[in-house]
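1. Got a predicted structure plus its sequence, pasted below:
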Number of protein chains: 2
Amino acid sequence: MKKLLLPILAFLLLCINTMGQQSLIGGRQLTSPEINDDKTVTFRVEAPNATEVKISGDWMPAEGWLPGSKNMQKGEKGIWTYTTEPLNPELYSYTFIIDGFRTIDPNNVFIIRDVGFVMNIFIIDGGRGALYSVNDVPHGSVIRRWYDSPGLGRDRRVTIYTPPGYETSNVKYPVLYLLHGAGGDEEAWITLGRTAQIMDNLIAKGEAEPMIVVMPNGNVIQEAAPGEGSTGFYKPQFMVPNTMDGQYEASFPDIINFVESNYRVKADKANRAIAGLSMGGFHSLHISRYYPNTFDYVGLFSAAILPHQDVSHQVYNDIDGTLVKQKENGYKLYWIGMGKTDFLYQSCVDYRAKVDSIGMKYVYRETDGGHIWKNWRVYLTEFASLLFDN
Amino acid sequence: MKKLLLPILAFLLLCINTMGQQSLIGGRQLTSPEINDDKTVTFRVEAPNATEVKISGDWMPAEGWLPGSKNMQKGEKGIWTYTTEPLNPELYSYTFIIDGFRTIDPNNVFIIRDVGFVMNIFIIDGGRGALYSVNDVPHGSVIRRWYDSPGLGRDRRVTIYTPPGYETSNVKYPVLYLLHGAGGDEEAWITLGRTAQIMDNLIAKGEAEPMIVVMPNGNVIQEAAPGEGSTGFYKPQFMVPNTMDGQYEASFPDIINFVESNYRVKADKANRAIAGLSMGGFHSLHISRYYPNTFDYVGLFSAAILPHQDVSHQVYNDIDGTLVKQKENGYKLYWIGMGKTDFLYQSCVDYRAKVDSIGMKYVYRETDGGHIWKNWRVYLTEFASLLFDN
């Protein structure tokens, strides 16, 4: 037995060596970001050979399409630092720019992908920050699963949130279909949108009904997110062909049929909601009026409104007529959210005039900011808490 | 209606602008890595201000604990390139080192985390590469879920793979419990280990029985992986306290009870397997002999073997006696895998001498290389294909 104690020493040696390895690989083991008691945040990065290091964060005023940036200060041992002003509770994203090279913080493993770009995230707790955090509350499950879509001629991947207790309750649940924007996929809402955290927290507070949230892939030529399908690893692109040509809307019953035959759901209009951001708002608008007696709840988050002139598909025929039918069939909530500086703002004004002229009732929510995830998390929070007679 | 066509133009404008944004954010839109027809791989990175750019990849001879590195060549427009020799089919990882700053490839969004370090990955198809890829075969589901562990006094997060058809087949399945190493968590096997891809592909080829794979969190003080629990975002560390002090092994029936009361499984010894890498091999060794009539299949992948001298817990009492009992109760497969250059190699030699002296039969598999994921994916592949009378 004595001989067998040697491995322990070896193992402990590994621990030390591997920690050494980590420190070599990731640079010095700094704490970054460090959220200070006064809600300021300190960032640190070791780059002794750099002549200029900046931090670019989404709490700074934007510079065109990019988040603003600030210079970091070089200190001892080649460690650059920057401390923010106190920040409001929120989920924030940032990158470093080292001698012009934009990259991630090597001391922060919390990274999200937006289309083809990765960035670090952190959360300032309290308020919205708490809503986007994992708290000590009952947690739902998150499932990545494949289903058959005859309408699109392939198996497709979908992300599904089931509420806490789903597996054991024997209760039937209502369903929210939650659609991503251009450049997104079935990973967008669960990662960038913090859907599981928002739903867990709203349900725990009694501010949303327990519901299933279905997050499909809205790019008809994709079976799955980049890297998750049989086309392998490839660079995600903003515009995936055929995403706004009617095929997706027409095939949407495939998803509903899959969910309603595989999950314990209330399979009626009163218990179906559909919402989406940007292109997903476009999809939600058209799906809900093309199948005008299917959803009692519709959410258009910073929606792209109308199809391109050149696109011809039966889904886009008689838009006004199908909206009238949707109105006549009745619904409980038609919810429109838009940011004041969104480049789609005017189209939303025009669309509201259109639905006004038809006499469709809707709730309109206007926020600061533009076409950003910060708004879409807020819209999901507010919309979800209005669903299913909560 | 004419007014409403304006949003389309605005939307197309967004597309162009956002693609512009991507190009600004991520640097020039280069293709990197590019896998060439001859299985060489070309890497590209735009870093016009850099004086030295290296690539560090796990196909290069290691430099101590770190993967080796090669200089990239500066070309036009500040774009640095490097092309490998032809590479064998495999999943590879790499980083760039720009003027001494180690970071990811901004043109490759496929990133995995190992403990506290992130790196890019790519796959050379064919052979093992094909086994680790998503192919056009039926896919299982991957579930992140929480369960109650009375033995550890908290709800805990677990990752579960169910095989293709699980949801609709009404068949009962066998279960493999698959445990991570030190510094890992319930995300390790599904990301670094490519468990879902390996199982989908083995099952599709008839080389593994359809089975459920349960990937729990083996760090007793953690409820979930960093960032996935209520302790928020923090830097993952290699050594989490209390992971090898007996609590985890003692509490393991909590996981089995959860799985067997929540999934359609064959709840008997003949249909239970347990395996793990490094610390997870340690856990598998001790769990399987402490509950010596529970598992017909045991896999020790580069296992840490024995508890530290100072650790006293009833789990570690009478190791020889419980191994004898495990032998007497019978089992179908005791599988030991080890890399030739693993720092734990000698401890494995010693442990095999021990089980030889007890008269326990086992299968021994020795591979090149050391304490690395490349080996653990191979061990999973080989072990899984031997399970449940396949």
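-> Here it is on my side, so go on.
2. Where does the prediction get shaky in chain A?
-> For chain A, applying pLDDT under 70 flags the ranges A:1-28, A:390.
3. Could you rerun that using 80?
-> Scanning chain A for pLDDT under 80 picks out the ranges A:1-29, A:64-65, A:239, A:306-310, A:390.
4. Number of residues surrounding residue A:334?
-> 22 (other CB atoms under 10 Å in any protein chain shown). Every residue, glycine included, has its C-beta placed from N, CA and C.
5. How about residue A:136?
-> For residue A:136, using other CB under 10 Å, the count is 12.
6. My read is that it contacts residue B:230, right?
-> Yes. Using CB atoms under 8 Å, residue A:136 is in contact with residue B:230, at 4.4 Å.
7. Distance-wise, check residue A:58 relative to residue A:122.
-> 11 Å (CB to CB, to the nearest Å).
8. and if you look at residue A:314?
-> 47 Å.
9. quick one: which of these two has more around it?
-> Shown here are residue A:314 and residue A:122; by other CB under 10 Å, residue A:122 has more neighbours (23 against 10).
10. and whichever strand or helix holds that one, what other elements does it pack with?
-> Under the criterion of DSSP states H and E, residue A:122 resides in strand A:117-124. On a contact count with 3 or more CB pairs under 8 Å, 6 or more residues apart in numbering or on different chains; DSSP states H and E, strand A:117-124 meets strand A:90-98, strand A:111-114.
11. Can you say which of those is nearest to residue B:50?
-> strand A:90-98 (9.2 Å; CB to CB).
12. What parts of the stretch 151-300 of chain A come near chain B?
-> A:155, A:157, A:167-168, A:182-183, A:224, A:226-230, A:232-233, A:235-239, A:262 (CB under 8 Å from any CB of the partner chain).
13. Among the residues you listed, name the ones in helices.
-> A:167-168, A:262 (DSSP state H).
14. Which residue comes closest to the residue in the stretch 151-300 of chain A positioned nearest to chain B once chain neighbours are left out?
-> With CB to the nearest CB, the shortest gap between the stretch 151-300 of chain A and chain B falls at residue A:230, namely 4.4 Å. Distance criterion CB to CB, 6 or more residues apart in numbering or on different chains; nearest residue to residue A:230, sequence neighbours excluded, is residue B:136 at 4.4 Å.
15. Now do the SS call for that neighbour.
-> coil (DSSP: H, G, I helix; E, B strand; the rest coil).
16. With residue A:87 instead?
-> coil.
17. give the contact list for it.
-> A:39-41, A:59, A:124 (CB atoms under 8 Å, 6 or more residues apart in numbering or on different chains).
18. before we move on, the earlier item: by neighbours, which of the ones in helices among the residues of the stretch 151-300 of chain A next to chain B wins?
-> Neighbour-wise, these (other CB under 10 Å) top out at residue A:167, 16 neighbours.
19. and the gap between the spatially closest residue to it that is not a sequence neighbour and residue B:229?
-> The shortest distance from residue A:167 to any non-neighbouring residue, by CB to CB, 6+ apart, is to residue B:262 (5.9 Å). Using CB to CB, we find residue B:262 at a distance of 20 Å from residue B:229.
20. Touching, the residue nearest to residue A:230 and residue A:231? I think so.
-> No. Using CB under 8 Å, residue B:136 is not in contact with residue A:231, being 9.5 Å away.
21. any idea whether the residue of the stretch 201-350 of chain A found nearest chain B is helix, strand or coil?
-> Proximity to chain B, evaluated over the stretch 201-350 of chain A using CB to the nearest CB, is greatest for residue A:347 at 3.0 Å. Secondary structure, three-state DSSP: residue A:347 is helix.
22. and it, how far is that from residue A:274?
-> Distance from residue A:347 to residue A:274, by CB to CB: 20 Å.
23. mind listing the strands for the stretch 101-250 of chain A?
-> In the stretch 101-250 of chain A, the segments counted as strands under DSSP state E, counting those that start in this stretch are A:101-103, A:111-114, A:117-124, A:141-149, A:154-162, A:175-179, A:212-215.
24. which other residues reach the third one?
-> Around strand A:117-124, the neighbours that count as contacts under CB under 8 Å, 6+ apart are A:33, A:35, A:39, A:41, A:87-95, A:104-105, A:108, A:110-112, A:129, A:132-133, B:22, B:25-26, B:104, B:106, B:109, B:111, B:232-233.
25. out of those, which are buried?
-> A:33, A:35, A:39, A:41, A:87, A:89-95, A:104-105, A:108, A:110-112, A:129, A:132-133, B:22, B:25-26, B:104, B:106, B:109, B:111, B:232-233 (16 or more other CB atoms under 10 Å in any protein chain shown).
26. domain assignment for chain A?
-> A:19-124, A:141-384 (automatic domain parsing).
27. Span of the longest one from start to end?
-> Which is domain A:141-384. By CA to CA, to the nearest Å, the extent of domain A:141-384 from end to end equals 17 Å.
28. Ok, stretch A:260-280 next?
-> 21 Å.
29. same deal with stretch A:119-131?
-> For stretch A:119-131, the first-to-last residue distance is 21 Å (CA to CA).
30. cool, stretch A:67-74 as well?
-> Stretch A:67-74: ends 22 Å apart by CA to CA.
31. Pull the distance from that stretch to the chain's centre.
-> 27 Å (CA atoms, centre = their mean, to the nearest Å).
32. Ok, stretch A:212-232 next?
-> Distance of stretch A:212-232 from the chain centroid (CA atoms, centre = their mean) equals 14 Å.
33. buried ones in that stretch?
-> A:212-220, A:222-229, A:232.
34. Report how many residues lie close to residue A:173.
-> With other CB under 10 Å as criterion, residue A:173 counts 21.
35. For it, which residues are in contact?
-> Contacts of residue A:173 (CB under 8 Å, 6+ apart): A:162-163, A:166, A:210-212, A:263-266, A:271.
36. surely residue A:204 meets residue A:138?
-> Yes. Residue A:204 is within contact range of residue A:138, at 6.4 Å (criterion: CB under 8 Å).
37. Mind listing the shared neighbours of those two?
-> residue A:164.
38. those helices in chain A, which residues are they?
-> Counting by DSSP H, the helices of chain A are A:6-25, A:127-131, A:166-169, A:188-191, A:195-204, A:247-262, A:279-290, A:319-329, A:345-358, A:373-384.
39. Comparing the ones you listed, which comes out most buried?
-> helix A:279-290 (a mean of 27; mean count of other CB atoms under 10 Å in any protein chain shown).
40. the inter-axis angle of that one versus helix A:373-384?
-> Comparing the axes of helix A:279-290 and helix A:373-384 via axes from the mean of the first three to the mean of the last three CA atoms, to 10 degrees yields an angle of 30 degrees.
41. Residue B:321 versus residue A:282, what's the distance?
-> Going from residue A:282 to residue B:321 by CB to CB gives 68 Å.
42. same question, residue A:361
-> From residue A:361 to residue B:321 the distance is 75 Å (CB to CB).
43. Now residue A:87: closest residue in space that isn't a chain neighbour?
-> Nearest to residue A:87 is residue A:124, by CB to CB, 6+ apart, at 5.0 Å.
44. Give me the neighbour count for that neighbour.
-> 23.
45. And the one 10 residues further on, by the same measure?
-> Residue A:134 has 22 neighbouring residues, counting by other CB under 10 Å.
46. what residues are up against it?
-> A:197, A:200, B:224, B:227-230, B:232.
47. Can you tell me which of those is nearest residue A:100?
-> Using CB to CB, residue B:227 comes nearest to residue A:100 of the contacts of residue A:134, at 29.6 Å.
48. The closest one reaches residue A:112, doesn't it?
-> No. Using CB under 8 Å, residue B:227 is not in contact with residue A:112; the gap is 10.8 Å.
49. Show the buried residues in the contacts of residue A:173.
-> For the contacts of residue A:173, buried by 16+ other CB under 10 Å: A:162-163, A:166, A:210-212, A:263, A:265-266, A:271.
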